[in-house]
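Chemist: Prediction below, plus the sequence it came from.
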Amino acid sequence: MSLATMPAPAATPVEDTSKMTDGFHLVIDALKLNDIDTIFGLPGIPITDFTRMAQAEGIRVISFRHEQHAGNAAAAAGFLTRKPGICLTVSAPGFLNGLTALANATTNCFPMILISGSSEREIVDLQQGDYEEMDQLAVAKPLCKAAFRVLQAEDIGVGIARAIRAALSGRPGGVYLDLPAKLFAQTMDAAAGKRSLIKVVDPAPRQIPAADSVKRALALLKGARRPLILLGKGAAYAQADADIRAFVENSGVPYLPMSMAKGLLPDTHPQSASAARSYVLAEADVVVLIGARLNWLLSHGKGKTWGGPKQFIQVDISPTEIDSNVAIAAPVIGDIGSCVSALVAGMGSNWTEPPAEWTGAITERKDKNLAKMAETLARNPSPMNFHSALAAIREVVKARPDAVVVNEGANTLDFTRSIVDMYQPRKRLDVGTWGIMGIGMGFAVAAAVVTGKPVIAIEGDSAFGFSGMEVETICRYNLPVCVIVFNNNGVYGGTDVNRGGGPDVAPTVFVKGARYDKMMEAFGGVGVHATTPQELATALNEAIRSGKPTLINAVIDETAGTESGRITRLNPQSTAKKK
Ligand code: ADP
Ligand code: TPW
């Protein structure tokens, strides 16, 4: 080919940046396309600009003081809304701070997506010492349901879609999405970028149970002499409230709610067997588990708690959950809405209620226990104890059943769970499957942000400490959160002594008489020091009325309660004799 016949070299195209988009905008557009309206996070390299742009584009960005709490907020938002909660962090340390929340969300079956910026792959993979170097994808993988990394702008749509599907479909859980710094600045043609995004269709498809599994379950339930229904937080998450109510009421079977399933039916419901819990667990012959695992919280379905032999019907979306601890006679696999409505349909209109002998025996025990509890709650000791403080709070919650209760601690958790009745679904958020401390302020922020309802966070003083700095976040966004710190001067209580005799206090003891209320005042919120149930109730009512961020330092008898609350038995005991 002669020079003369060679085609002229193409002129270098001048980039028309007005028709370009970039990684920042594609991530934001992909989230918005999928109706994600809120991000919980903490800015820094490489996601600082992302948070600004997201806010500019109309996404609500709730900035925290520590990523763990942003992650917990995302998890709680996921549980409450059935949309994956989004947590956004910086690389390595920020990512690791968020990871606890991601793992906890996965353990709890809450849908969330942890999106972390990460450092340059070329440097990270050769371990050449980049700024905040870490192979985050590899670290996250064993701790969540799925983990993805996006390297090219044109794959952002797919990355976000896969993350949403993984978080929501089947058993919900945590997903990690790794976005390297370079991705954010990558550009591509705007129209092609738009076409590359995916609006996820039906991310949590209904899973209809097999007809024969429903039949098998109903046949077993029909033959039961002492049936029991156990509702777990999967049932609360499923938002199949009417079906669950119909199943309980049409069957006439007594039920027990796990802590976060409280309120699916009001705790005052005549079929609630909560006040006769140990009796029904030990005596039931057929137990229907709905969105509850037979893990440590249910003594693995065996042993003394469960008394004589029993048969289980288990409704769950995850087929591999079945037989995990004991044999399940009738698994019903599918989403709770589909399964429970199939059970209701199969029961028909003339289902025989359980024998009166069984329901009568439960009522008898319930009445006795409730009368005993009423007596305890009516006492007014000085200083206040867990019971008298919670007796006051329980009346406030009764009057405001729409308020969300967040709860953590040891005794504070156990007593609140049994004393404060819940009346509406998904109004109670707590330490969940791990019994983890530190969820308090993150969950409270999320509950306020996504529900707009008053939030009452009932916190042990140790529990509160894990996320206490987030009271600034609560004040900054002016959220209607009232934190009640049950201040008994330590982990569990404040009376332990240093067995070595030195000047240090015992490992479980805190500064005595601390004034947590001042922390809220430091950021412009309302602080109240309460030493009586009356003062506590007045302050809580006022907080709910005003909607102002409030912290009530509730002084509790430091000798009240027990070590580890109700799970003291899990504490290993030393058998070594001291010389
Ligand atoms: P709890 O701690 O209240 O006993 P768990 O967290 O142990 O509850 O159990 C929740 C269960 O609910 C999990 O096994 C999970 O697979 C199941 N689950 C979650 N969402 C759904 C759903 N939509 N349909 C069916 N099962 C679900
Ligand atoms: C992340 C261990 C369980 S309960 C608790 C701790 C430290 C605090 C109990 O004291 P608190 O409650 O809150 O004052 P109360 O009502 O008895 O006075 N680290 C994590 N999670 C857990 N569960 C612990 C430690 C623990």
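Modeler: In hand now; what should we look at? Ligands and ions are numbered 1, 2, ... in the order given.
Chemist: So what's the residue count around P319?
Modeler: 13 (other C-beta atoms under 10 Å). (C-beta placed from N, C-alpha, C; glycine too.)
Chemist: An error on my part: the question was meant for H69.
Modeler: Other residues within reach of H69 by the criterion other C-beta under 10 Å amount to 31.
Chemist: Please, which helix or strand holds it?
Modeler: Assigned by DSSP states H and E, H69 falls within helix 67-81.
Chemist: got the CA positions of that helix in PDB?
Modeler: What follows is helix 67-81 as a C-alpha-only set of coordinates in PDB (Å, rounded to 0.1, in the frame of the first residue of the first chain):
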ATOM      1  CA  GLU A  67     -18.700   3.000  61.000                       C
ATOM      2  CA  GLN A  68     -20.000   0.200  63.200                       C
ATOM      3  CA  HIS A  69     -23.000   2.300  64.100                       C
ATOM      4  CA  ALA A  70     -23.600   3.300  60.500                       C
ATOM      5  CA  GLY A  71     -23.500  -0.400  59.700                       C
ATOM      6  CA  ASN A  72     -25.900  -1.300  62.500                       C
ATOM      7  CA  ALA A  73     -28.200   1.500  61.200                       C
ATOM      8  CA  ALA A  74     -28.100   0.000  57.700                       C
ATOM      9  CA  ALA A  75     -28.900  -3.400  59.100                       C
ATOM     10  CA  ALA A  76     -31.900  -2.200  61.100                       C
ATOM     11  CA  ALA A  77     -33.200  -0.200  58.200                       C
ATOM     12  CA  GLY A  78     -33.000  -3.400  56.100                       C
ATOM     13  CA  PHE A  79     -35.000  -5.300  58.700                       C
ATOM     14  CA  LEU A  80     -37.600  -2.600  59.000                       C
ATOM     15  CA  THR A  81     -38.100  -1.800  55.300                       C
END
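Chemist: right, is it up against ligand 1?
Modeler: No. Using C-beta under 6 Å from any ligand atom, no contact is recorded between helix 67-81 and ligand 1, whose separation bottoms out at 9.7 Å.
Chemist: what is the mean pLDDT for that helix?
Modeler: Helix 67-81 comes out with an average pLDDT of 99.
Chemist: I'd like the next helix or strand past it.
Modeler: Counting by DSSP H and E, the element after helix 67-81 in chain order, helix or strand, is strand 85-89.
Chemist: Are there helices or strands packed against that following strand, and which ones?
Modeler: strand 38-41, helix 67-81, helix 92-108, strand 112-118 (3 or more C-beta pairs under 8 Å, 6 or more residues apart in numbering; DSSP states H and E).
Chemist: what comes into contact with it?
Modeler: Residues external to strand 85-89 that are found in contact with it (C-beta atoms under 8 Å, 6 or more residues apart in numbering): 31, 36, 38-42, 47, 50-51, 67, 70-71, 73-79, 95, 97-98, 101-102, 105, 110-117, 446.
Chemist: relative to strand 112-118, how tilted is the helix holding H69?
Modeler: Between the direction of helix 67-81 and that of strand 112-118, the angle (axes from the mean of the first three to the mean of the last three C-alpha atoms, to 10 degrees) works out to 150 degrees.
Chemist: who does helix 67-81 touch, helix- and strand-wise?
Modeler: Partner elements for helix 67-81 (3+ C-beta pairs under 8 Å, 6+ apart): strand 38-41, strand 60-63, strand 85-89, helix 92-108, strand 112-118, helix 233-237, strand 428-430, helix 440-451.
Chemist: and the last one with ligand 2, contact?
Modeler: No. Between helix 440-451 and ligand 2, judged by C-beta under 6 Å from any ligand atom, nothing touches; the nearest distance is 9.3 Å.
Chemist: any idea which helix or strand comes after that helix?
Modeler: Using DSSP H and E, the helix or strand that follows helix 440-451 in sequence is strand 455-460.
Chemist: That following strand - which strands sit beside it in the sheet, and in what orientation?
Modeler: Strand 455-460 has its sheet partners listed here by DSSP bridges as strand 404-408 (parallel), strand 481-487 (parallel).
Chemist: what does the first one rub up against?
Modeler: In this case it means strand 404-408. Among residues not part of strand 404-408, those counted as contacts by C-beta under 8 Å, 6+ apart are 397, 413, 416-417, 420, 422, 427-431, 437-440, 443-444, 447-448, 451, 453-460, 463-464.
Chemist: mind running it again at 7 Å?
Modeler: 397, 413, 416-417, 420, 422, 427-431, 437, 439-440, 443-444, 447, 451, 453, 455-460, 463 (C-beta atoms under 7 Å, 6 or more residues apart in numbering).
Chemist: Could you tell me the angle between that strand and helix 440-451?
Modeler: Between the axes of strand 404-408 and helix 440-451, defined by the same axes, to 10 degrees, the angle is 170 degrees.
Chemist: hmm, the next helix or strand after strand 404-408 in reach of ligand 1?
Modeler: Sequence-wise, the next helix or strand beyond strand 404-408 is helix 411-419, with elements assigned using DSSP H and E. No. Taking C-beta under 6 Å from any ligand atom as the criterion, helix 411-419 and ligand 1 are apart, separated by no less than 11.5 Å.
Chemist: Whether helix 411-419 contacts ligand 2 - can you check?
Modeler: Yes. Using C-beta under 6 Å from any ligand atom as the criterion, contacts between helix 411-419 and ligand 2 involve N411, T412.
Chemist: Let me have that helix in PDB, keeping just the CA atoms, if that works.
Modeler: Output for helix 411-419, consisting of C-alpha atoms alone and laid out as PDB, is shown next (Å, rounded to 0.1, in the frame of the first residue of the first chain):
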ATOM      1  CA  ASN A 411     -30.500  -7.500  82.900                       C
ATOM      2  CA  THR A 412     -31.800  -4.400  81.100                       C
ATOM      3  CA  LEU A 413     -32.400  -6.600  78.000                       C
ATOM      4  CA  ASP A 414     -34.000  -9.500  79.900                       C
ATOM      5  CA  PHE A 415     -36.300  -7.400  82.100                       C
ATOM      6  CA  THR A 416     -37.400  -5.100  79.300                       C
ATOM      7  CA  ARG A 417     -38.200  -8.000  77.100                       C
ATOM      8  CA  SER A 418     -40.500  -9.600  79.700                       C
ATOM      9  CA  ILE A 419     -42.000  -6.400  81.200                       C
END
